[in-house]
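show me how the following folds:
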Amino acid sequence: MEGILSQEEIDVLLGGGSDPEPEVEEHIVKTIKLTKKEEDAIGEMGNISIGSSSTALSTLLMREVSITTPKVEVLTFADLKKDLKGGEKVLIKIEYKSGFSGLNILLLKKEDAVVIGDLMMGNEGTNPPAELDDLYLSAVGESMNQMMGSSATALAGMFSKDIDINPPEVAIEDIEKLKRQTDFFQENKEFIGVKFKLEIKDLINTNIYQIMSYDFSKMIAKEMFALSGEEEASQQTPNMGQHEQPMQQPMYQQPMQQPMYQQPMYQQPMQQPMYQQPMQQPSMMGNYNMYQQQQQVNIQPAQFSNFGTPNYQNLPTNIDLIMDVPLEVTVELGRTKMQIKDILDLGTGSIVELDKLAGEPVDVLVNGKLIAKGEVVVIDESFGIRITDIVSQMERLTKVQ
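Numbering: from 1, shown residues only. From the prediction side, this is the model:
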């Protein structure tokens, strides 16, 4: 019987013993495109959104979480399969209920979702189960719900309108079967992908994809342009060029400065005399409005200067003398009141509920005085604060006296 060949040996002989031909990568020409400004606008929105989400996730997991700057690109299903490789993926559908109209999808590897679920269950994440059962899948869904809820809150504050989402839908699918979950993942269909790198210290170092339709991404870019006043600036006549100044603030901060220049000074000269020399850098539109307003202010009678002058108006002339004085800057996450018995019962693992909601701006104090509000971000391995609202320079000088 030694001369009988096995089935494997027969298959090798029939195939000539040669290796299979390598697959030729198909190059697909993209038909939709985003401009560089649109990519930057979508990336900025994603940065704010996911930055807020990472803070919420870090709080939930009680672990250091960092998410890198997003990369925006036009993708096809083939691109996703190439980057995510094979195996099962966790798909999270986020549908906007108000504020925006559209669907976003988050994609991450199942093995990373298992670790997140294990941490949500109160474990260390170092020995997670091999599979995601219903309990772990529910825990992952809750973490994504908290993340995207925090994201919606941050976007609502940025766009100054109500933004709400439906509870996220979580599913596990083999990457080849993702097509039955959404119309996005059809062969050769193009969509916009925002790619982030997620790191949970000593546990996860992976990529997360935020998927959106082309129409949704264009709508986001339009909202960001309107927020920064870029559309209005592009419509100005050429002779305004000498009044334009480059924007030095992120685009989502501009609306906080613009209201200072929208009301003409001559309407309330007796109540707001200090507005005749604003301390902050105006935006392009604000600078042009100031140019018109100054022409009107120049005709005001000089006697307006005789009305009650605040004491701190003389401070800017000598402000250089105290520039090197150190001040204590504190970021306050929130406060609460507890009974003595509850404080005595505190121990390792105790949770104290604060008076702020997840995603709500935190307070920035200088020497105990509130001067700004912002959101917590993660910079490398340290926490930081991104300022989202700040009082005027004169008001700040008053508060730190």
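
so for I319, what's the pLDDT?
At I319, the pLDDT value in this model is 61.

ugh, wrong one, I192
Note on I192: pLDDT of 90.

ok, it to F185 distance?
Note on I192: its distance to F185, by CB to CB, to the nearest Å, is 13 Å. To be clear about C-beta, it is placed using only N, CA and C from the backbone, and glycine gets the same treatment.

how about the strands of the stretch 1-150 of the chain, start to end?
Counting by DSSP state E, counting those that start in this stretch, the stretch 1-150 of the chain has strands at residues 65-67, 71-76, 88-98, 103-109.

now what about the first one, what contacts it?
Translated: strand 65-67. For strand 65-67, contacts defined as CB atoms under 8 Å, 6 or more residues apart in numbering pick out 50-51, 53-55, 57-58, 196-201, 208, 378, 380-381.

starting from it, tell me which strands it pairs with and how they run.
strand 190-200 (antiparallel) (DSSP bridges).

next, the angle from the strand it pairs with to strand 103-109.
Note on geometry: by axes from the mean of the first three to the mean of the last three CA atoms, to 10 degrees, strand 190-200 and strand 103-109 are set 50 degrees apart in direction.

list the buried ones in strand 190-200?
By neighbour count on 16 or more other CB atoms under 10 Å, the buried set for strand 190-200 is 190-196, 198-200.

pull the following helix or strand past that strand out as CSV, backbone CA atoms only.
Sequence-wise, the next helix or strand downstream of strand 190-200 (DSSP states H and E) is strand 204-212. This file holds the C-alpha atoms of strand 204-212, laid out as CSV (Å, rounded to 0.1, in the frame of the first residue of the first chain):
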residue,chain,number,x,y,z
ILE,A,204,-5.3,48.9,22.5
ASN,A,205,-3.5,50.5,19.6
THR,A,206,-5.8,50.4,16.6
ASN,A,207,-7.6,52.3,14.0
ILE,A,208,-11.3,53.4,14.1
TYR,A,209,-13.2,54.5,11.0
GLN,A,210,-16.0,57.0,11.0
ILE,A,211,-18.0,56.5,7.8
MET,A,212,-20.3,59.1,6.3
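
downstream of strand 204-212, the next helix or strand is which one?
Following strand 204-212 in sequence order, the next helix or strand is helix 214-228 (DSSP H and E).

now that following helix: buried residues?
214, 216-218, 220-221, 223-225, 227-228.

try stretch 87-94
Residues of stretch 87-94 classed as buried by neighbour count (16+ other CB under 10 Å): 88-94.

could you export those residues as JSON lines, including distance to I116 and pLDDT?
Output for the buried residues of stretch 87-94, formatted as JSON lines (distance: CB to CB, whole Å; pLDDT from 0 to 100):
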{"residue": "E88", "distance to I116": "15", "pLDDT": "83"}
{"residue": "K89", "distance to I116": "14", "pLDDT": "86"}
{"residue": "V90", "distance to I116": "9", "pLDDT": "86"}
{"residue": "L91", "distance to I116": "14", "pLDDT": "86"}
{"residue": "I92", "distance to I116": "11", "pLDDT": "86"}
{"residue": "K93", "distance to I116": "17", "pLDDT": "86"}
{"residue": "I94", "distance to I116": "16", "pLDDT": "86"}
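
residue ranges with poor pLDDT in the stretch 101-250 of the chain?
With pLDDT under 70 as the threshold, the stretch 101-250 of the chain has low-confidence stretches at 180-182, 229-250.

make a markdown table out of the buried residues of stretch 87-94 and add distance to K373.
Output for those, formatted as a markdown table (distance: CB to CB, whole Å):
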| residue | distance to K373 |
| --- | --- |
| E88 | 42 |
| K89 | 37 |
| V90 | 34 |
| L91 | 35 |
| I92 | 29 |
| K93 | 32 |
| I94 | 26 |
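
of all the residues you listed, which comes closest to T336?
I94 (30.6 Å; CB to CB).

what about the strands in the stretch 151-300 of the chain?
164-165, 169-174, 190-200, 204-212.

relative orientation of the last one and helix 214-228 in degrees?
Okay, so that is strand 204-212. Using the same axes, to 10 degrees: strand 204-212 against helix 214-228 is 90 degrees.

cool, the longest one as well?
Angle, strand 190-200 to helix 214-228, by the same axes, to 10 degrees: 70 degrees.

ok, now the second one?
With the same axes, to 10 degrees as the criterion, the two stretches strand 169-174 and helix 214-228 enclose an angle of 130 degrees.

got the angle for strand 169-174 vs strand 88-98?
Going by the same axes, to 10 degrees, strand 169-174 makes 150 degrees with strand 88-98.

any idea how far the residue lying closest to I163 once chain neighbours are set aside is from K109?
Excluding the flanking residues, the one nearest I163 by CB to CB, 6 or more residues apart in numbering is G99, at 3.2 Å. Computed as CB to CB, the G99 to K109 distance reads 30 Å.

quick one: which of these two has more around it?
K109 (19 against 15; other CB atoms under 10 Å).

in this structure that one contacts G86, no?
No: using CB atoms under 8 Å, K109 makes no contact with G86, being 10.6 Å away.

residues in contact with the nearest residue to A139 once chain neighbours are set aside?
In this structure, A139 finds its nearest non-sequential neighbour in M120, 3.8 Å apart by CB to CB, 6+ apart. Residues counted as contacts of M120 (CB under 8 Å, 6+ apart) are 60-61, 139-140, 142-143.

give me the buried subset of these.
By 16+ other CB under 10 Å, the contacts of M120 give 60-61, 139-140, 142-143 as buried.
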